[in-house]
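In: just to be clear, the model below is a prediction. Sequence and coordinates:
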Amino acid sequence: MRQISNVEQVLAAVATARLVQGDARRLVTGITHDSRRVGPGDLFVAIAGERHDARRFVDDALARGAVGVVTEGEVETPRDTVVVRVPSARAALADLAAAVYGHPAKALRLVGVTGTDGKTTTTHMIHAALEAGGLRTGRLSTLGMTTGNGVAPAHYGFTTPEAGDLHRMLADMVDAGCDAAVTEVSSHALSLERVRGVAFAAGVFTNLSPEHLDFHGSMEEYLATKARLFAMVAESTPDGVGVVNADDAASAVMRASGPQRILSYGIESPADVTARDIRLEPGKSRFTLVTPWGQAEVVSAMPGMMNVANWLAAATTALSMGVSLDAVVAAAAGTTVDGRLQSIDCGQPFQVLVDFAHTPKALETVLRTVRSSTKGRLMVLFGHSGGRDAENRRPMGKIAAELADVMMVTSDNPQHEDPAEIAAEIVAGAREAGTTCDVQVRLDRGQALRALIARAEPGDTILLAGKGHEEYQVLSHGKVLWNDAEQSRQVLAEQGWGCPGAQGGQPLDHVHGAGIRCGQA
Ligand SMILES: CC(=O)N[C@H]1[C@@H](OP(=O)(O)OP(=O)(O)OC[C@H]2O[C@@H](n3ccc(=O)[nH]c3=O)[C@H](O)[C@@H]2O)O[C@H](CO)[C@@H](O)[C@@H]1O[C@H](C)C(=O)N[C@@H](C)C(=O)N[C@H](CCC(=O)O)C(=O)O
Ligand SMILES: Nc1ncnc2c1ncn2[C@@H]1O[C@H](COP(=O)(O)OP(=O)(O)OP(=O)(O)O)[C@@H](O)[C@H]1O
């Protein structure tokens, strides 16, 4: 799959690219949009972003061995440097990357998963089902990239990487012998041309609720952006399939944009694939999977109603690609996803669950489902990220106050914002609920966690929401190490529960002084 091309061969793939300077016979071995990651033989695509015009990094890129520069405007370089002029640098990055890495998407049965919540989980489920069905499958998700068959994921920090990285990773999958691949497709990726020109054999839609509106401007625009994935399936793969959620009204737009072959899944509404006799239990769920390919009893290792929906999406996709029902059943029994309703079990008589819910809809969904498996009190700990989606903070406070018995507001990547102000917005939302929920604020996540665990009684559930798999907390002075699962084990060990691997006694507190405020809303 890996090929070495020269500038002329690469440019032949992009009708709008014009060589304005340099030797077209020079070899190209890679392509990137980031001068800091340029290596010898790479083309550097200089994008004018929101913060920087990357033409100012051209010297840096050349010093690191760039073969040439792709740019929308004028750029000053030594005379022997290859300079390529394009109308859109982002579009060129995608088109050129496909050419540089040998169009790897065409060699894979590629599945794209989009939607507001559930992309990562569904992507991992589809991956597991395809692998169980005998297809060596690559995976790109918020948790990293793997070339399948037990290869550990490598992290890259995005839900969907920039086009140069995307095509390089797809080429790695082809080189590793993958038949198929599944990738999350974020709305940023669709908007910023990261997946431009990629051939998708299947598009999967989970659901839509408000998120990233500071980037997209309106729900209409956000929805239209998501629907582009379905249009891409229709354009690139005549026998491609669109998998939509019959329980979400936005699926109508996916249908209208998508390929001819549309399959639906749903729990409440009539659908091609559905679940009957759903039994939610702590740590797992059971249901009868009803499909056009037959019925099967599923025991899923992922608890919660939303994960039944996610399995329906995954099963529909895998079955439509020829995987057997037995393989889907086996995959469901063995699949968990880090930080997605992950149970922390150190033998304590109350549940501790780590989850990535960080939108109002996700928080509502997870609280409702966890409530159904909680005999005692439902205690939730969460915050909200700084610098984005500020309009979601009050709704999250209101939802938590309506659905939980105890609510601990804390920090979740406050970045450059004042964490106390973020917490105050959440508490203001909680007040709107007018419930008896006990609302506390401790900005230090470590202290907040310790305080909740100290209060827990048999039968209670503590839900740690928002950070999921994350390994850090982003503060105004930079990143500090933080992982909810690890820290919970540590606090449980401190409080006398036998957590294997926990290093009791390490300092947890790191944020802005200790428990700043505590009180009823
Ligand atoms: C809002 C957004 O997505 N912004 C992306 C955008 O940033 P930007 O326009 O501000 O770029 P910029 O910082 O002005 O830089 C312009 C160019 O200069 C380059 N540069 C910059 C510095 C340097 O020393 N050398 C250099 O070459 C940069 O690589 C870039 O190509 O273009 C950059 C690269 O071209 C991306 O890294 C950046 O993602 C930022 C880091 C980001 O946080 N994105 C998040 C929001 C994102 O994409 N999230 C989605 C999904 C999230 C979800 O599902 O919830 C994702 O797919 O991960
Ligand atoms: N189908 C679903 N509907 C609603 N909420 C869901 C669903 N699936 C998962 N969630 C909730 O959303 C959280 C995030 O799930 P997941 O990481 O799978 O979604 P995502 O779309 O990849 O999120 P992001 O793009 O922000 O990384 C979960 O921890 C859970 O609380």
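Out: Noted; the coordinates are in hand. What you see is a predicted model, and the numbers here were worked out from it, not measured in a lab. Ligands and ions are numbered 1, 2, ... in the order given.
In: list the buried residues of the biggest helix by length in the chain.
Out: Ordering each helix of the chain by length in residues (DSSP state H) puts helix 219-236 first. By neighbour count with 16 or more other CB atoms under 10 Å, helix 219-236 contains the buried residues 222-234, 236. Just so you know, the C-beta spots here come from the backbone N, C-alpha and C atoms, and that holds for glycine as well.
In: again, but for stretch 71-78
Out: T71, E72, V75, T77.
In: over to stretch 278-285?
Out: In stretch 278-285, counting by 16+ other CB under 10 Å, buried: L280, K284, S285.
In: residues in contact with the last one?
Out: Counting by CB atoms under 8 Å, 6 or more residues apart in numbering, S285 touches I278, R279, V299, S300, M302, P303, G304, M305, N307, V308.
In: and the gap between the nearest residue to it once chain neighbours are set aside and ligand 2?
Out: The shortest distance from S285 to any residue other than its chain neighbours is 4.9 Å, reached at S300 (CB to CB, 6 or more residues apart in numbering). Using CB to the nearest ligand atom, to the nearest Å, S300 is found at 13 Å from ligand 2.
In: quick check: S300 touching A331?
Out: No. Taking contacts as CB atoms under 8 Å, S300 lies outside contact range of A331: 9.4 Å.
In: about what we covered before: is it possible to get JSON lines of the buried residues of helix 219-236 that adds pLDDT and distance to V182?
Out: As requested, the buried residues of helix 219-236 are exported to JSON lines (pLDDT from 0 to 100; distance: CB to CB, whole Å):
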{"residue": "Y222", "pLDDT": "94", "distance to V182": "23"}
{"residue": "L223", "pLDDT": "95", "distance to V182": "23"}
{"residue": "A224", "pLDDT": "95", "distance to V182": "24"}
{"residue": "T225", "pLDDT": "96", "distance to V182": "20"}
{"residue": "K226", "pLDDT": "95", "distance to V182": "17"}
{"residue": "A227", "pLDDT": "96", "distance to V182": "19"}
{"residue": "R228", "pLDDT": "97", "distance to V182": "18"}
{"residue": "L229", "pLDDT": "98", "distance to V182": "13"}
{"residue": "F230", "pLDDT": "98", "distance to V182": "16"}
{"residue": "A231", "pLDDT": "97", "distance to V182": "19"}
{"residue": "M232", "pLDDT": "97", "distance to V182": "15"}
{"residue": "V233", "pLDDT": "97", "distance to V182": "13"}
{"residue": "A234", "pLDDT": "97", "distance to V182": "19"}
{"residue": "S236", "pLDDT": "95", "distance to V182": "16"}
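In: which pair of the buried residues of stretch 71-78 spans the longest distance?
Out: Taking CB to CB, the two most distant members of the buried residues of stretch 71-78 are E72 and T77; they sit 14.8 Å apart.
In: which residues of the protein lie near ligand 2?
Out: 117-121, 142, 159, 184, 206-207, 306, 309-310, 340, 355-357, 361-362, 365-366, 468 (CB under 6 Å from any ligand atom).
In: quick revisit: what is the neighbour count of the residue nearest to S285?
Out: 25 (other CB atoms under 10 Å).
In: how about the helices in the stretch 101-250 of the chain?
Out: Taking DSSP state H, counting those that start in this stretch, the helices of the stretch 101-250 of the chain run over residues 119-132, 163-175, 187-191, 213-216, 219-236.
In: take these and write them to TSV, including distance to ligand 1.
Out: Formatted as TSV, these follow (distance: least, CB to the nearest ligand atom, whole Å):
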stretch	distance to ligand 1
helix 119-132	7
helix 163-175	9
helix 187-191	4
helix 213-216	6
helix 219-236	11
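In: who's F44 bridged to?
Out: T32, V69 (DSSP bridges).
In: hang on, it packs against R55?
Out: No. F44 sits out of contact with R55 when judged by CB under 8 Å, with a separation of 10.0 Å.
In: compare the two (neighbour count), which wins?
Out: F44 (29 against 19).
In: in this protein, what residue comes closest to ligand 1?
Out: G49 (2.3 Å; CB to the nearest ligand atom).
In: near ligand 1, which residues of the stretch 51-200 of the chain are found?
Out: So far as CB under 6 Å from any ligand atom goes, the stretch 51-200 of the chain lies against ligand 1 at R51, H52, A54, F57, F158, T159, T160, E162, S186, H188, A189, L192.
In: closest one of those residues to ligand 2?
Out: Distances from ligand 2 to those, taken by CB to the nearest ligand atom, are shortest for T159, at 5.0 Å.
In: what's the closest non-adjacent residue to that closest one?
Out: T159's closest residue in space is S186 (CB to CB, 6+ apart), at 4.2 Å.
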